[in-house]
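Peer 1: What follows is a protein structure lacking sequence information:
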Ligand SMILES: [Fe+2]
């Protein structure tokens with residue numbers, strides 16, 4: 001439980017806000033490259049409470065700048081290109097493209113270096129990027145991603161299927177080196193022990209599910225400061241996902257799916273996701289207005305939520321259901337929220353450091369050091385209980401050694 005004042009301080013991100021100042025020290029996903037087809041030279045972008053336009057000059061140079069906007073515009077406003085007008089004399093924010101996403105830097109001074117994470121160093125053929133709108137504050141969207149226990153409930157499947165690598169079925173694979181579906185592990189062991197370590201990029205979160213027969217299921221996920229997570233999706237793929245504030249009450253998730261094995265099938269992955277979203281705003285078709293297609297019959301026999309097999313919809317319902325900005329004056333955090341507690345401490349420390357101009361106290365602000373950061377490791381492994389640390393490391397090294405691009409750490 002925290003005060004309203006503190007909740008406002010850690011959630012609100014507009015210009016001249018405390019958490020906004022922290023976000024402005026980092027590159028932010030602004031748009032997908034898919035949104036800037038060759039005939040498009042102006043794209044509205046709403047980011048960190050600012051109304052902006054992404055511009056492509058004739059020589060191909062990109063920039064992001066303030067645009068003329070009315071105060072009552074929808075957060076996902078999309079007019080014709082000829083109606084988009086940059087504000088004269090406004091600052092130009094730098095923009096760079098990385099594997100399907102345009103990143104922008106809205107802060108002062110020299111932008112920080114990009115870390116050498118897998119999603120950035122993998123070749124374009126091995127990364128697919130997509131985004132989706134969630135109608136809530138960015139922090140609650142991030143916090144579900146650093147809560148390893150939630151999958152045992154929110155994404156609980158009452159029956160196990162033959163594992164297949166289908167859209168939205170992140171947990172429908174077998175647990176490493178066993179014939180036990182991950183769905184069964186999550187369902188039968190819903191209270192993981194959670195270990196949280198601070199790292200040079202944010203947090204490493206280890207969820208341990210101690211099972212029968214001296215076996216432990218180990219799931220390693222990461223928080224990348226300030227708004228991203230990096231988690232395993234399947235044996236060959238990881239997900240790096242930013243929860244980017246549009247304004248205080250809306251956010252986009254931007255995800256880079258990175259493969260350590262075969263090139264990704266971008267057409268198929270795009271097609272699967274476009275079926276669930278409407279353009280141009282990438283709003284999910286299942287949403288609050290249609291009760292997320294909730295089906296009580298399905299809830300009795302198939303899923304915990306009754307909202308289909310797509311885990312993205314479960315997460316969306318859970319975070320939007322808390323309201324536009326979660327009321328943390330009424331929450332009760334417990335042991336399972338260890339990573340959330342630790343993250344908020346990091347954010348508060350960062351807020352203080354930025355206010356004091358001590359930027360080197362924030363993660364990944366040192367140019368040379370940041371460019372050297374690799375990984376992060378994220379995986380699901382099954383291990384003998386006493387030797388889970390070595391098993392988790394070995395699991396990642398095996399796929400990194402066999403990887404067709406340089407994934408060494
Ligand atoms: Fe989830």
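Peer 2: Structure received. Since the model is a prediction, treat every value here as computed from it, not as a measurement.
Peer 1: How many residues are close by residue 24?
Peer 2: Other residues near residue 24 come to 20 when the count uses other C-beta atoms under 10 Å. Glycine gets a C-beta too; all of them are placed from N, C-alpha and C.
Peer 1: before we move on, what about residue 89?
Peer 2: Neighbour number of residue 89 under other C-beta under 10 Å is 7.
Peer 1: how about the helices in the stretch 201-350 of the chain?
Peer 2: 266-274, 296-301, 311-320, 338-355 (DSSP state H, counting those that start in this stretch).
Peer 1: can you redo those helices as JSON lines with distance to residue 259?
Peer 2: Output for the helices of the stretch 201-350 of the chain, formatted as JSON lines (distance: least, C-beta to C-beta, whole Å):
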{"stretch": "helix 266-274", "distance to residue 259": "10"}
{"stretch": "helix 296-301", "distance to residue 259": "31"}
{"stretch": "helix 311-320", "distance to residue 259": "19"}
{"stretch": "helix 338-355", "distance to residue 259": "26"}
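Peer 1: Can you tell me which of these is most buried?
Peer 2: Mean neighbours per residue, mean count of other C-beta atoms under 10 Å, is largest over the helices of the stretch 201-350 of the chain for helix 311-320, with a mean of 21.
Peer 1: And that helix, what does it pack against?
Peer 2: strand 127-134, helix 138-145, strand 283-284 (3 or more C-beta pairs under 8 Å, 6 or more residues apart in numbering; DSSP states H and E).
Peer 1: Outline the domain layout of this protein.
Peer 2: 4-25+112-402, 27-109 (automatic domain parsing).
Peer 1: quick one: residue 77 and residue 48, what's the gap?
Peer 2: Distance of residue 77 to residue 48, computed by C-beta to C-beta, to the nearest Å: 16 Å.
Peer 1: More neighbours: which of these two?
Peer 2: A direct count of neighbours by other C-beta under 10 Å for residue 77 and residue 48 places residue 48 higher, at 24 against 16.
Peer 1: just to revisit the earlier point, among the helices and strands packed on helix 311-320, which is nearest residue 323?
Peer 2: Proximity to residue 323 (C-beta to C-beta) singles out helix 138-145 among the helices and strands packed on helix 311-320, at 8.7 Å.
Peer 1: and whatever helix or strand comes next after the closest one, which residues are buried?
Peer 2: Past helix 138-145, further along toward the C-terminus, the next helix or strand under DSSP states H and E is helix 182-188. Burial within helix 182-188, assessed by neighbour count using 16 or more other C-beta atoms under 10 Å, is assigned to 182-187.
Peer 1: ranking the helices and strands packed on helix 311-320 by burial, who's on top?
Peer 2: helix 138-145 (a mean of 25).
Peer 1: Just want the angle from it to strand 127-134.
Peer 2: Angle of helix 138-145 versus strand 127-134, following axes from the mean of the first three to the mean of the last three C-alpha atoms, to 10 degrees, is 120 degrees.
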